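J.: Attaching a predicted model along with its sequence, questions to come.
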Amino acid sequence: MSLVPEKNFMPRSRRRLSLSDLWLNDQTLKNVAVKMRRLSLSYTPPSEPDETLAAIDHESGLDSFSPLSDELLLLILSKLPESQHISNSAVCKRWTKLSGRLLRSVKLLDWDFLESGRLTYRFPNLTCVDLVRACIRCPRNSGIVASHKFVQVHLDTSFSVGGFIKKQDVLHPNMIDKGVRILSEGCPNLSKLVTIAGSEEVLSCIAEECLTMQELELHCCSDSSLIGISKCHNLQILKLIGHVNSFYDSVVSDIGLTIVAQGCKRLVKLELVGCEGSFDGIKAIGQCCHMLEELTLHDHRMDGGWLAAISYCTNLKTLKLQSCKNIDLNPGPDEHLGSCKTLDELHLQQCRMQDKEGVRALFVVCETVRKLVLDDCWGLDDNVFFFASNCRWVRYLSIEGCSLLSGDGFEAVVLTWRELERLKVGSCNNIKGGEISPELISLFSVLKELKWRPDSKSLLSSSLEGTGVGKKGGRSFNL
């Protein structure tokens, strides 16, 4: 059987063997080309023209690439587009093995492929691995898919109300530990791992074998599964997914947050999804993780008063709240809230903001922010948005999908921000694009960037006719 490589490897018939011009740009590959030309002297072209030449001469049994070392051939293969790696791996066993060394990221679907050792043998240089889908037993050929931002599973006709993932659907912690151990021993260069949280031994194994591990995402996580994380000294990015409606029902409380704080002191980014906790847990994070720059809370279940702990995060630059049902139900008096002096960005995405005291407390804690993003926040009316005037140094404001906010309420706050440079407003139907006051027009004329599409582009354009807005040199306007 004759195996034919890609055209980039070999020339057309009746021509000497040569590499593409792309390869010749490298001095090392020029030396490879010289060797290939020498080999071509003994090559006799076929009597009939052919589109490509075989990497293996099936008549003589000689491999044209056999004189090249694995390192040189691997360097050649790495210069090719990633789209050709699969076809290159089908040329011969040697190319299959070398092509596998080029793959860096994989999302595993079959747990047996990992447990048998084939994954680490086939792809020894993996740096990013996602094991979540393989940890959940579900029919792969089902056309019914339950999808969430963090997980996706296939369902069968026996599905019953109560949750898409049941306890028996998840692999036993011992099996997860065994698979992760095989992975960490076979791929010591791992820098990112996404997996279902097993026992405490699994994290200890990762810490011992994968010294370059920097990013960890644990699904179905609980306090007990975090005990081994204290050995992950070099971890910089951590994502803990506890409770997710209809998918996971695990609990991460102040105990788990304290364990993380004491064990991962080099954290730069921390994301908590469906996690419980209170003032004590967030305070522990702030006091121990001095390098923490970004904190994200998704659908948090924090007890009242947790906001006051943000001031302990002395190097925090970005705070994100996503899909939260409330901000803080009992924030306490202002003198106990404090302020996070280093905070530069505040993002609120798909949050419920009817909790006025909690929203007011949030803007008190985040008074130093320069960038404020409000995206599809329900309950953001004029009274709630007025609390944002406490943030006096805002330079960038983005509001999308906040239909309760009126033009008067918007203008009352924005005109107080003397340092505002960039403004984006979209899909806020209660702000009428054609009803713009002279003060707001004056503000628009000095902005460096403006995107103004609250309800109607045409009304805005007609109302700004003759004002010169959008014609300033060096500025970006999208009206």
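T.: Nice, thanks for sending it over.
J.: ranges for the strands of the stretch 251-400 of the chain?
T.: 269-273, 276-277, 294-298, 301-302, 318-322, 345-349, 371-375, 396-400 (DSSP state E, counting those that start in this stretch).
J.: in its sheet, what does the third one sit against?
T.: Sheet neighbours of strand 294-298, with direction, are listed as strand 269-273 (parallel), strand 318-322 (parallel) (DSSP bridges).
J.: Assign Leu450 to helix, strand or coil.
T.: strand (DSSP: H, G, I helix; E, B strand; the rest coil).
J.: Can you get me a residue count around it?
T.: By other C-beta atoms under 10 Å, 22 other residues sit near Leu450. Just so you know, the C-beta spots here come from the backbone N, C-alpha and C atoms, and that holds for glycine as well.
J.: re the thing from before, please identify the deepest-packed of the strands paired with strand 294-298.
T.: strand 269-273 (a mean of 22; mean count of other C-beta atoms under 10 Å).
J.: remind me which residues of the stretch 1-150 of the chain are low pLDDT?
T.: Where the stretch 1-150 of the chain drops to pLDDT under 70, the residues are 1-71, 73, 77-80, 82-91, 93-100, 141-142.
J.: how about the helices in the stretch 351-479 of the chain?
T.: Taking DSSP state H, counting those that start in this stretch, the helices of the stretch 351-479 of the chain run over residues 356-365, 382-386, 407-414, 438-444, 457-463.
J.: In CSV, list those along with mean pLDDT.
T.: Formatted as CSV, the helices of the stretch 351-479 of the chain follow (pLDDT from 0 to 100):
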stretch, mean pLDDT
helix 356-365, 96
helix 382-386, 96
helix 407-414, 94
helix 438-444, 91
helix 457-463, 48
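J.: Among these, which comes closest to Lys432?
T.: helix 407-414 (5.7 Å; C-beta to C-beta).
J.: Provide the contact partners of the closest one at residue level.
T.: Helix 407-414 is contacted from outside by 381-383, 385-386, 388-389, 397, 399, 420, 423, 425, 428, 430-432, 435-437, 439-440, 443, 454, using C-beta atoms under 8 Å, 6 or more residues apart in numbering.
J.: Could I have the ChimeraX command that selects the buried members from those residues?
T.: Selection of the buried residues among these in ChimeraX, burial being defined by 16 or more other C-beta atoms under 10 Å:
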select :381,382,385,386,388,397,399,420,423,425,428,430,431,432,436,440,443,454
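J.: Comparing the helices of the stretch 351-479 of the chain, which comes out most buried?
T.: helix 356-365 (a mean of 21).
J.: Which strands or helices does it pack on?
T.: Counting contacts by 3 or more C-beta pairs under 8 Å, 6 or more residues apart in numbering; DSSP states H and E, helix 356-365 packs against helix 334-337, helix 382-386.
J.: And stretch 287-297, how far out from the chain middle?
T.: The chain centroid and the centroid of stretch 287-297 are separated by 17 Å, computed with C-alpha atoms, centre = their mean, to the nearest Å.
J.: picking up where we left off before, closest one to Leu102 among the strands of the stretch 251-400 of the chain?
T.: Closest among the strands of the stretch 251-400 of the chain, once you apply C-beta to C-beta, is strand 269-273, at 28.3 Å.
J.: Let me see the mean pLDDT of the closest one.
T.: Average pLDDT, strand 269-273: 97.
J.: Stretch 213-227 too?
T.: The model assigns stretch 213-227 a mean pLDDT of 90.
J.: For that stretch, output the C-alpha coordinates as PDB.
T.: The C-alpha trace of stretch 213-227 is given here as PDB (Å, rounded to 0.1, in the frame of the first residue of the first chain):
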ATOM      1  CA  MET A 213       0.000  23.900  36.400                       C
ATOM      2  CA  GLN A 214      -1.300  27.500  36.400                       C
ATOM      3  CA  GLU A 215      -5.000  27.200  35.600                       C
ATOM      4  CA  LEU A 216      -7.500  24.900  37.200                       C
ATOM      5  CA  GLU A 217     -11.300  24.600  36.700                       C
ATOM      6  CA  LEU A 218     -13.200  22.200  39.100                       C
ATOM      7  CA  HIS A 219     -16.800  21.300  38.400                       C
ATOM      8  CA  CYS A 220     -19.200  19.800  41.000                       C
ATOM      9  CA  CYS A 221     -16.800  21.100  43.600                       C
ATOM     10  CA  SER A 222     -17.300  20.900  47.400                       C
ATOM     11  CA  ASP A 223     -15.300  21.900  50.500                       C
ATOM     12  CA  SER A 224     -13.800  18.400  51.000                       C
ATOM     13  CA  SER A 225     -12.500  18.200  47.400                       C
ATOM     14  CA  LEU A 226     -10.400  21.300  48.000                       C
ATOM     15  CA  ILE A 227      -8.200  20.000  50.800                       C
END
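J.: Lovely, talk soon.
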